[in-house]
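> coordinates only, sequence not included:
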């Protein structure tokens, strides 16, 4: 049992980070904290890919002419792309938060929903007259 | 910016080497570890350090936003055009073999061009993102540091 | 000929090249003209591709001349050629409409950036559809999603709720994409390949592997979020309701369809429906959710005042139909899904275009604000009614064809209750469409509203092209059903 945990510690770490990230994303009422949770969530997947590609005792995949064991470079390259996607998502998400703060005056989800509801009521009242 | 003498002196010393290192990572990417993503970020980090220490207005003088607006798409355009060059020269899209006189030379050239495109776009995007956020509030007062 | 050899890559690379060029173009008309011509170019490409593969073959294109599974391969067969046609076709029809609409809804100095985001979204959707590489799907999916968030947020000029809608969409969309990429990672771990065709070959011996089963779960959950399968639909209504008209037209008609395509591809090509663990998932999870989506989406739609949101909820119900066909996993069900992919794009494209015209003229799209408007905008509302009849599934419209196959599929399985539920969901559609008809045709116009003219012709003509297509493909379903037949044949491997 203990071996199942220690031998695959990278997976346990990934599972923990996934859950933690998703939990923060779903439960936090603060828009910036949600983005942070999303980042942790994505990072868990990056770690998953990288740890899968790593070979114990393997070297960097640079061909020197001698036969040697090297780690699989492909997951790392894929994750480079995924990291860029993650950075873009974070930047865009934070940009939206800045705009939301400027128009709504708050970054708390509950306050936004309240403001949206007020908007709805006001619009209905205007059309109903 | 009269105080923070240490910061200013150290940054002035560091920034040229950061830029140089970024260029090394950029153009050594076809031989060893490196490439456009990493180089672009290092290059942008030098600018961001400059903006942090000397103020965002000075940084804008060095790299105005209207230039950045063209640099971001220019890198992407260079990447796609390299791809199209493969088609025009009789290969497939992004086929580097046909770019040079020999396939090896073509691969070198193709990787360099694509990575340069990536580097330009990444560094321009990084600086743009920094300017976009930092530019929305006034600089922090000297006393509040 | 050179063009024919490279048509598969040109389909994606041309919009990708046009996007950076579009940023550099000055003014408002040049970016629009560039986007228009690129859209038409992609339409030509997809027509060429569809005519090449409609007989049942497939086209492969190896990027950078690297053979798969090392390199990325683009592979076109009947199903993705059809989805390519939907995406590029809707874009080509929507762009002439866009000029007036966008001028009205987007800040004048932002047009270049707006069309750039649109082009990137187009690139992403076409890329997801055409690529034969699992990780490449993720990359293109994120290209289209990120630009979609931007496009939705541009609606903030008219209604600030577009910002919170875009934010919710961003969080949920990213969670969905991350689930998907986690599933792809698990598949790569056990098979060592990312090429879809290669995966399909290597997976059957691994059917008992728990890693493969987990991968399937992650892919389904991720795509379920992206395609707004009930109960993962929370992002959709507000995103559609507050986005600019052009964006709503394009998204409602294409974005979810592309995700449905990816799910079809994974369930039927990559994994294969005969996998022992997939059948119960389809029958006990996807099917009930699809039925709930169908009914709940329609019921909520009835209670909406904002018409854009009403049809957004109706989209959730219609996605339920598509997923139902997918979950039934027989020939008629799959035919219904593939047909509904195409047909629903036509219906929702026409409906949201008409609403965009209403938005242009009276600045609001609620049931109360359109009272009596049909007399002033007869053409717009006639098209709305045609689209609405399609949603109900009246014979002679496209909606009838796909629902017919769906009910057939349920009856073939002997599930009469399900057939009844499908019919009941159509009756619910009657109610919300009638509410719109009643308001627009039967109620008097409010006194204080100024009389308006119908939409300008450059918006009306694209709308009617789509509206007539709704009738054309409803009356003469030969072309679409033959393509759907080819697709289903490929998916089910000839049998059943």
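Ah, there it is. Treat the numbers as computed from the prediction; the structure is a model and nothing was measured.

> where do the helices sit along chain A?
With helices called from DSSP state H, chain A shows them at A:2-7, A:9-27, A:31-53, A:73-104, A:109-128.

> Quick check: what element follows the least confident helix or strand in chain B by mean pLDDT along the chain?
Every helix and strand of chain B was ranked by mean pLDDT, DSSP states H and E. The lowest is helix B:56-62, at a mean of 88. Helices and strands here follow DSSP states H and E; after helix B:56-62, the next one along the chain is helix B:65-88.

> For residue C:257, find the nearest of the helices of chain A.
With Cβ to Cβ as the criterion, residue C:257 lies closest to helix A:73-104 of the helices of chain A, at 22.3 Å. C-beta coordinates here come from the backbone N, C-alpha and C atoms, glycine included.

> ok, residue C:119 to residue C:126 distance?
11 Å (Cβ to Cβ, to the nearest Å).

> what do these two both touch?
Common neighbours of residue C:119 and residue C:126 are listed as residue C:15 (criterion: Cβ atoms under 8 Å, 6 or more residues apart in numbering or on different chains).

> before we move on, the earlier item: which strands and helices lie in contact with the least confident helix or strand of chain B?
helix B:36-54, helix B:103-134 (3 or more Cβ pairs under 8 Å, 6 or more residues apart in numbering or on different chains; DSSP states H and E).

> Contacts for stretch C:387-395 next, please.
Applying Cβ under 8 Å, 6+ apart, the set of residues contacting stretch C:387-395 is C:314, C:318, C:343, C:346-348, C:350-351, C:354, C:396-400, C:402-404, C:426, C:429-430, C:433, C:436-437, C:467, C:470, C:474.

> Give the rounded mean pLDDT of it.
For stretch C:387-395, mean pLDDT rounds to 91.

> With stretch C:476-489 instead?
86.

> List the buried residues in it.
Across stretch C:476-489, burial judged by 16 or more other Cβ atoms under 10 Å in any protein chain shown covers C:477, C:480, C:481, C:483, C:484, C:485, C:486, C:487, C:488.

> cool, and stretch C:181-198?
Buried, per 16+ other Cβ under 10 Å, within stretch C:181-198: C:181-191, C:193-198.

> Tell me which entries of those residues lie within helices.
C:181-191, C:196-198.

> residues from chain A in reach of chain B?
Taking Cβ under 8 Å from any Cβ of the partner chain as the measure of proximity, chain A contacts chain B at A:60, A:62, A:80, A:84, A:91, A:94, A:95, A:98.

> And the residues you listed, which of them are buried?
By 16+ other Cβ under 10 Å, these give A:84, A:91, A:94, A:95, A:98 as buried.

> residues in contact with residue 72?
I went with chain A, as the question did not name one. So residue A:72 contacts A:53, A:54, A:55, A:61 (Cβ under 8 Å, 6+ apart).

> nope, chain B please
Residues near residue B:72 by Cβ under 8 Å, 6+ apart: B:121, B:124, B:125, B:128, C:20, C:23.

> give me that answer again for 6 Å
Taking Cβ atoms under 6 Å, 6 or more residues apart in numbering or on different chains, we find residue B:72 in contact with B:121, B:124, B:125.

> And the buried ones among the contacts of stretch C:387-395, selectable in PyMOL?
Those of those that count as buried under 16+ other Cβ under 10 Å are selected in PyMOL with:
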select buried, chain C and resi 314+318+343+346+347+348+350+351+354+397+398+399+400+402+403+404+426+429+430+433+436+437+467+470+474
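
> Enumerate the residues of chain B near chain A.
B:37, B:129 (Cβ under 6 Å from any Cβ of the partner chain).

> Return the nearest residue of chain B with respect to chain C.
Proximity of chain B to chain C (Cβ to the nearest Cβ) peaks at residue B:73, 3.1 Å away.

> Pretty sure that residue sits against residue C:21.
No. Using Cβ atoms under 6 Å, residue B:73 is not in contact with residue C:21; the gap is 7.1 Å.

> Who are the contact partners of the residue in chain C that chain B sits nearest to?
Chain B sits closest to residue C:20 of chain C, with a gap of 3.1 Å, by Cβ to the nearest Cβ. Residue C:20 makes contact with B:73, B:76, B:77 under the criterion Cβ under 6 Å, 6+ apart.

> Let me know the helix or strand that it is in.
helix C:2-24.

> what sits up against the helix or strand following that helix?
Under the assignment DSSP H and E, the closest C-terminal helix or strand after helix C:2-24 is helix C:29-53. Defining contact as Cβ under 6 Å, 6+ apart, one finds that helix C:29-53 is touched by C:7, C:10-11, C:14-15, C:18, C:22, C:25, C:59, C:76-78, C:81, C:84-85, C:88-89, C:91-92, C:95, C:99, C:111-112, C:115, C:119.

> Swap in 8 Å and give it another go.
C:4, C:7-8, C:10-11, C:14-15, C:18, C:21-22, C:25, C:59, C:76-78, C:81-82, C:84-85, C:87-89, C:91-92, C:94-96, C:98-99, C:102, C:111-112, C:114-116, C:118-119, C:122, C:126, C:483.

> and the residue located most distally from the centre of chain C, which of the three is it?
Relative to the mean C-alpha coordinate of chain C, counting by Cα atoms, centre = their mean, the farthest residue is residue C:447 (39.1 Å). What DSSP: H, G, I helix; E, B strand; the rest coil gives for residue C:447 is coil.

> if we can go back for a sec, would you mind giving the helices and strands packed on helix B:56-62 as TSV with mean neighbour count and mean pLDDT added?
Below are those laid out as TSV (neighbours: other Cβ atoms under 10 Å in any protein chain shown; pLDDT from 0 to 100):
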stretch	mean neighbour count	mean pLDDT
helix B:36-54	21	92
helix B:103-134	20	91
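
> just how off-centre is stretch C:291-308 within its chain?
18 Å (Cα atoms, centre = their mean, to the nearest Å).

> which of the residues in it are buried?
Under 16+ other Cβ under 10 Å, the buried positions of stretch C:291-308 are C:291-298, C:300-302, C:304-308.

> among those, which are within reach of chain A?
Restricting the buried residues of stretch C:291-308 to those near chain A by Cβ under 8 Å from any Cβ leaves residue C:305.

> Closest one to residue B:85 out of the buried residues of stretch C:291-308, please.
Distance to residue B:85, by Cβ to Cβ, is smallest for residue C:308 among the buried residues of stretch C:291-308, at 44.3 Å.

> I'd guessed the closest one sits against residue C:353; true?
No. Using Cβ atoms under 8 Å, residue C:308 is not in contact with residue C:353; the gap is 11.7 Å.

> For chain C, which residues are neighbours of chain A?
Checking chain C against chain A by Cβ under 8 Å from any Cβ, the hits are C:135, C:138-139, C:142, C:146, C:149-150, C:153, C:156, C:159-161, C:163-164, C:166-167, C:170-171, C:174-175, C:177-178, C:181-182, C:185, C:188-189, C:305, C:364, C:366, C:368-369.

> and those, which are buried?
Buried among those by 16+ other Cβ under 10 Å: C:135, C:138-139, C:142, C:146, C:149-150, C:153, C:156, C:159-161, C:163-164, C:166-167, C:170-171, C:174-175, C:177-178, C:181-182, C:185, C:188-189, C:305, C:364, C:366, C:368-369.

> if you skip the residues just before and after it, what's nearest to residue C:433?
residue C:388 (3.6 Å; Cβ to Cβ, 6 or more residues apart in numbering or on different chains).

> Done for today, thanks.
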